[in-house]
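Undergrad: below is the sequence, then the predicted model.
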Amino acid sequence: MRFTKVVIPVALCILLLGFAAPAQRKGRYTKPQTTLPVVSPIDTDALKGLITQQRERPLLVNFWATFCDPCRDEFPDLVKIDKEYRPQSLDFVTVSLDDIDQLKTDVPKFLSSMKATMPAYLLNVTDPEPAINFIDRRWQGDLPATYLYNEKGEVVYKHIGRVNAAELREAIEKVVKKGDGQ
Amino acid sequence: MRAKNLLILFAALFVIAGAVLATGARAEGEVPAPPAIGATIDDFSLPDVDNKDRSLKSLAGKNGTVLLFIAVQCPVSNAYNERMAKLAEDYKAKGIAVIGINSNVAEDAAAVKAHAAEHKLSFPILKDPGNKIADRLGASVTPEAYFLDANNKLLYHGRIDNSRNAAQVESNDLRNALDSALSGKGIEKTEAKAFGCSIKRG
């Protein structure tokens, strides 16, 4: 008697929930976001404009490419730094020196895999030399290269090769406005 | 006595640490400055892909030599494979030799040999263990070219041309330098920044 009154209803409920739960999950299931980050092509003049424009915050620029191992290796550090400083006190852009064919493929795919959300550009030029010389006459174009500009547009930190996150943070701390949340 | 020994030990450690710092690992990304245009490059010997030592002197062309720093895995260097092979072929008849140098620590002689065969790179390719020659020449990336005259005087340093995409080449800087030298004219552009993958130094 007790068996039919208690156990059977409980068993039925479990059975029903067992069928219902997957259906509910299926109903709620939303497809993972597949939209890739936008990477904008930038030519030498536009890059000059980006660097030299009047600004209220320091600017960090990272030159990189998907084919460059140290660039990929340092990216997680850059993403952390971006999340830490850009909302309050720093502008940060990345400039890829990949081929223009990779504008909508490898470059955004990599940025997406890194969960990178900083504005991203790809240097779209047939000759990279003028852009490289504009950034730094002493830079040979080897990647990665990271430059930090203060609000006046002066280079206050640069590093060719894989960046040292602590060193970069220290440089950022020196130029970001105090009381900007950092 | 024990204190004296400790003092000596600390002094020795200090000296060793100083020596390591002075001679040791260069900061990443820091490449020695390349020689100035007009400087003479001393002869050197490096092992080829069959581990046989080859000197610059033994491989040099009678009208000059192009040293090309190249790589197996770098997509930029690989985009130039056909152009490099054609360059070597075109200028061999004109007395200019092309020598490839692979200084990447992770690319061994066997990989370099297989890559050269696959891409029909018929010019000699040398391995540069410890990136001694890359350091001596201040080579940063692949591909990066150095053109030496018959007396090993540096006449041109930098890129092969302006674009990794062969269809977008507008400035054949290396070929222009070779042609000018062959015709006895001065080289208009003696340096052009090479763009490519950083040389992976050991």
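TA: Looks like it arrived, so ask away.
Undergrad: get me the contact residues on chain A for chain B.
TA: A:67-70, A:97, A:99, A:126-129, A:132-133, A:140-143, A:159-162 (C-beta under 8 Å from any C-beta of the partner chain). All C-beta atoms are positioned from the backbone trio N, CA, C, and that covers glycine.
Undergrad: and for A:D45, the neighbour number?
TA: A:D45 has 12 neighbours, counted by other C-beta atoms under 10 Å in any protein chain shown.
Undergrad: next up, the contacts around A:D106.
TA: A:T66, A:D98 (C-beta atoms under 8 Å, 6 or more residues apart in numbering or on different chains).
Undergrad: and it, how far from B:S55?
TA: For A:D106, the distance to B:S55 equals 41 Å [C-beta to C-beta, to the nearest Å].
Undergrad: can you give me the distance of A:N124 to chain B?
TA: The gap separating A:N124 from chain B is 11 Å, by C-beta to the nearest C-beta, to the nearest Å.
Undergrad: which residues sit against the strand or helix carrying A:I81?
TA: Using DSSP states H and E, A:I81 sits within helix A:69-85. If you take C-beta under 8 Å, 6+ apart as the criterion, helix A:69-85 is touched by A:60, A:62, A:64-66, A:92, A:94, A:110, A:114-118, A:143-144, A:161-163, A:165, A:168-169, A:172, A:176, A:182, B:28, B:198, B:200.
Undergrad: buried only: go through those for me.
TA: In terms of neighbour count (16 or more other C-beta atoms under 10 Å in any protein chain shown), the buried residues within the contacts of helix A:69-85 are A:60, A:62, A:64-66, A:92, A:94, A:110, A:114, A:116, A:118, A:143-144, A:161-163, A:168-169, A:172, A:176, B:198, B:200.
Undergrad: look up phi and psi at the closest residue to chain B within chain A.
TA: Proximity of chain A to chain B (C-beta to the nearest C-beta) peaks at A:G161, 2.2 Å away. Per-residue torsions, A:G161: phi 100, psi 180 (degrees, to the nearest 10).
Undergrad: wait, it sits on B:S198?
TA: Yes. Assessed by C-beta atoms under 8 Å, A:G161 is found in contact with B:S198 at 7.2 Å.
Undergrad: spatially central residue in the chain, please.
TA: You didn't pick a chain, so chain A it is. In chain A, the residue lying closest to the centroid (C-alpha atoms, centre = their mean) is A:A116, at 2.1 Å.
Undergrad: wait, I meant chain B there
TA: Closest residue to the average C-alpha location of chain B: B:F69 at 3.7 Å, with C-alpha atoms, centre = their mean.
Undergrad: pretty sure that residue is touching B:D135, no?
TA: No. Taking contacts as C-beta under 8 Å, B:F69 lies outside contact range of B:D135: 11.5 Å.
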